[in-house]
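# coordinates for the following, if possible.
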Amino acid sequence: MILLLLVFVPGLWVKHVLKKYSEPANRYDGTGAELARHLLSKYDMTSVRVEQTEQGDHYDPIDKVVRLTPDKYDGRSLTAITVAAHEVGHAMQDHQGYAPLKLRSKLVRIARPIERMGAGALIFAPFIAAITKAPGPTVVIFAAGFLTLATSTVVHLVTLPTEFNASFARALPVLDQHKILKPVDRPHARRLLTAAALTYVSASLMSLLNIARWLSILRR
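The predicted structure follows:
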């Protein structure tokens, strides 16, 4: 029970904080996209684009794009402004050659084909097992699942310092320097920036829980 709470509470808290400060929806004059574009220009990153996405807020260091979900891209809430600044923080890391971001990008490129192979093995192994009636495919299933989840966990754990750096060494100082936040909103923005960083903590904990499940199955 305690383990489940440790895994699920961070994710629930992150969702609660992001939703809480999404109102009022017109808290600021500019949108998240407009702020991102403004900050990128301020810090000589005019070649970095700002796009709308349905795949979650993120910065893509390969395509050099800050991507924001519709509620952040067009939104004028404190959540929209703060999350946009957080993603610009990642663009700043990339622009300045921040080593942990480079490591994360390399790991992601390595992890993607491994995860695809693991997912493929999980899909086809049951059919192979049914046809051959041999124990080998079952071992393949477990090995592929473990490899996929373990790879994802490593990437998430390496991501953590990068996320906190983007929030508190980049985004918050930039918001302060340019006096973007209403003074009363600053402590709330800190909470939002913590939530933005903890998004990957939640993902890491979930991956670790999944690995624990696979290991318990293997022991049976």
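
# for the rest of this, base every contact and every neighbour count on C-alpha atoms.
Noted.

# quick one, helices of this protein?
For the chain, the helices identified by DSSP state H occupy 2-20, 32-42, 70-73, 78-95, 99-132, 136-165, 172-177, 186-219, in order along the chain.

# mind listing what the residue nearest to residue 185 when sequence neighbours are not counted touches?
Closest residue to residue 185 in three dimensions, ignoring its sequence neighbours and counting by C-alpha to C-alpha, 6 or more residues apart in numbering: residue 78, at 7.7 Å. Contact partners of residue 78, counting by C-alpha atoms under 8 Å, 6 or more residues apart in numbering, are 21-23, 27-28, 185, 189.

# narrow these to just the buried residues.
Buried members of the contacts of residue 78, scored by 16 or more other C-alpha atoms under 10 Å, are 21-22, 27-28, 189.

# ok, so of these, who is nearest residue 64?
For residue 64, the closest of the buried ones among the contacts of residue 78 turns out to be residue 189, at 25.2 Å, with distances computed as C-alpha to C-alpha.

# thought that closest one was touching residue 82?
Yes. Judged on C-alpha atoms under 8 Å, residue 189 makes contact with residue 82 at a distance of 6.3 Å.

# so how far does stretch 17-24 reach from one end to the other?
End-to-end distance for stretch 17-24, by C-alpha to C-alpha, to the nearest Å: 13 Å.

# quick one: distance of it to the chain centre.
The chain centre lies 18 Å from the centre of stretch 17-24; the measure is C-alpha atoms, centre = their mean, to the nearest Å.

# going forward, begin numbering at 462 instead of 1
Sure thing, new numbering starts at 462, so read that last one as stretch 478-485.

# list the contacts of it.
Stretch 478-485 is contacted by residues 538-541, 649, 652-653, 656 when judged by C-alpha under 8 Å, 6+ apart.

# ditto for stretch 503-510
Residues from elsewhere that reach stretch 503-510, judged by C-alpha under 8 Å, 6+ apart: 498, 501, 525-527, 552-553, 556.

# mind doing that once more with 10 Å?
494, 497-502, 520-522, 524-528, 549, 552-553, 556 (C-alpha atoms under 10 Å, 6 or more residues apart in numbering).

# any stretches of this protein with poor pLDDT?
Across the chain, residues meeting the criterion (pLDDT under 70) sit at 462-469, 576, 578-607, 610, 661-681.

# now residue 635: how far from residue 483?
Using C-alpha to C-alpha, residue 635 is found at 21 Å from residue 483.

# next, the contact list for residue 527, please.
Counting by C-alpha under 10 Å, 6+ apart, residue 527 makes contact with 494, 497-498, 501, 509-514, 518-521, 545, 548-552.

# which ChimeraX command selects the buried ones in those residues?
Selecting just the buried residues from these in ChimeraX takes one command, with 16+ other C-alpha under 10 Å as the test:
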select :494,497,498,501,509,510,511,513,518,519,520,521,545,548,549,550,551,552
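
# ok, residue 550 - contacts?
Residue 550 makes contact with 497, 500-501, 520, 527, 544, 556, 623-635 under the criterion C-alpha under 10 Å, 6+ apart.

# list only buried entries from the residues you listed.
For those, burial is judged from neighbour counts taken by 16+ other C-alpha under 10 Å, and it is met by 497, 500-501, 520, 527, 544, 623-629, 631-633, 635.

# distance of the closest residue to residue 629 other than its chain neighbours relative to residue 484?
With sequence-adjacent residues excluded and distances taken as C-alpha to C-alpha, 6+ apart, residue 629 is closest to residue 654, at 7.4 Å. Summarising the geometry, the distance separating residue 654 from residue 484, computed by C-alpha to C-alpha, is 16 Å.
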